[in-house]
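Peer 1: Coordinates for the following, if possible.
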Amino acid sequence: MKVKVHWVIDGIAEVEAESLEDAEKIINEKLSDFVSSNPDIEEKMGAKAIQGKGYFPGSEEDA
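Peer 2: Predicted coordinates for the structure are as follows:
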C-alpha cells in the first residue's frame, strides 16, 4: 500500500552574526550543504524547501 507522509523539521539555531540577514544566510548555507551532501533527503524523502527567519531573542525566551 502506498502511503504519503507530510513531514516538517523544526528548529532554532543560535549563531553569531553581524545582522539578521547574515544569520539567515549562515544557516541557509549550512542546511543547503547538508541537503546537498545527503541526496536521499530530496530524492527519497521529497524535501522541497528550506525556510527560516532571523529574529532577536525576546523576553519570553532564554537568550
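
Peer 1: Check the burial of Asn28 by counting its neighbours.
Peer 2: Neighbour count of Asn28, defined by other CB atoms under 10 Å: 13. (Each C-beta comes from the backbone N, C-alpha and C, glycine too.)

Peer 1: Check what pLDDT Ile9 gets.
Peer 2: You'll see Ile9 listed with a pLDDT of 86.

Peer 1: In three-state terms, how would Ile9 be classified?
Peer 2: Secondary structure, DSSP: H, G, I helix; E, B strand; the rest coil: Ile9 is coil.

Peer 1: buried sites along whichever helix in the chain runs longest?
Peer 2: Longest helix of the chain, by residue count under DSSP state H: helix 20-37. Neighbour counts over helix 20-37 (16 or more other CB atoms under 10 Å) mark Ala23, Glu24, Ile27, Leu31 as buried.

Peer 1: So which residues make contact with that helix?
Peer 2: Helix 20-37 is contacted from outside by Ala13, Val15, Ala17, Ile41, Glu42, Ala47, Ile50, Gly52, Lys53, Gly54, Tyr55, Phe56, using CB atoms under 8 Å, 6 or more residues apart in numbering.

Peer 1: can you name the two of those residues that are farthest apart?
Peer 2: Using CB to CB, the contacts of helix 20-37 reach their maximum pairwise distance at Glu42 and Phe56, which is 31.8 Å.

Peer 1: who has more neighbours, those two?
Peer 2: Neighbour count, other CB under 10 Å: between Glu42 and Phe56, Glu42 has more, with 12 against 8.

Peer 1: Spit out the contact partners of the more buried one.
Peer 2: By CB under 8 Å, 6+ apart, the contact list for Glu42 reads Val35.

Peer 1: which one of the contacts of helix 20-37 sits closest to Trp7?
Peer 2: Nearest to Trp7 among the contacts of helix 20-37: Ala47, at 8.9 Å, using CB to CB.

Peer 1: Point to the helix or strand of the protein where mean pLDDT is at its lowest.
Peer 2: Least confident helix or strand, the chain: helix 40-43 with a mean of 90, by mean pLDDT, DSSP states H and E.

Peer 1: Now the two most distant members of the buried residues of helix 20-37.
Peer 2: That would be Ala23 and Leu31, which, of the buried residues of helix 20-37, are the farthest apart (CB to CB) at 12.7 Å.

Peer 1: Right, I'll call it a day here.
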